[in-house]
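1. structure for this input, please:
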Amino acid sequence: MLIARIEHFLRETGMPWTRFGRLATHDPRFVQDLRNGRTPRPGTERRVEHFMNMYRRSHHAG
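-> So this is what the prediction gives:
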């Protein structure tokens, strides 16, 4: 599930969930909405996965 991968990412990076939503989807409530049962569209899910992958690459490249 996407929310489980996001929760792992948030623990891994220490990023606040509102910042994640703002950066990944331009919606600071995105993570909270997922926690409350929202189902993202496939394109949104791909965009969020891409954001997490790119963030990890750019912050663990050192």
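
2. who touches residue 51 in this structure?
-> Residues near residue 51 by Cβ atoms under 8 Å, 6 or more residues apart in numbering: 23-24. Backbone N, C-alpha and C define where each C-beta goes, glycine included.

3. and what of residue 15?
-> Applying Cβ under 8 Å, 6+ apart, we find residue 15 in contact with residue 9.

4. got it, and residue 25?
-> Counting by Cβ under 8 Å, 6+ apart, residue 25 touches 44, 47-48.

5. distance of residue 40 relative to residue 31?
-> Between residue 40 and residue 31 the computed distance is 11 Å (Cβ to Cβ, to the nearest Å).

6. where does pLDDT dip in this protein?
-> 61-62 (pLDDT under 70).

7. try it again with 50
-> Applying pLDDT under 50 to the chain picks out no residues at all.

8. could you pick out the longest helix of it?
-> For the chain, the longest helix by residue count, based on DSSP state H, is helix 42-59.

9. how far away from the center of its chain is that helix?
-> The chain centre lies 7 Å from the centre of helix 42-59; the measure is Cα atoms, centre = their mean, to the nearest Å.

10. ok, now stretch 28-41?
-> Here the centre of stretch 28-41 is set off from its chain's centre by 10 Å, with Cα atoms, centre = their mean.

11. in it, what's buried?
-> Of all the residues in stretch 28-41, those buried under the rule 16 or more other Cβ atoms under 10 Å are 30-31, 34, 40.

12. looking at these, spot the one nearest residue 23.
-> For these, the residue nearest residue 23 by Cβ to Cβ is residue 30; the value is 9.9 Å.

13. now do the contacts for the nearest residue to the closest one once chain neighbours are set aside.
-> Sequence neighbours aside, residue 21 is the residue nearest to residue 30 in space, at 3.5 Å (criterion: Cβ to Cβ, 6 or more residues apart in numbering). Contact analysis of residue 21 by Cβ under 8 Å, 6+ apart lists 27-32.
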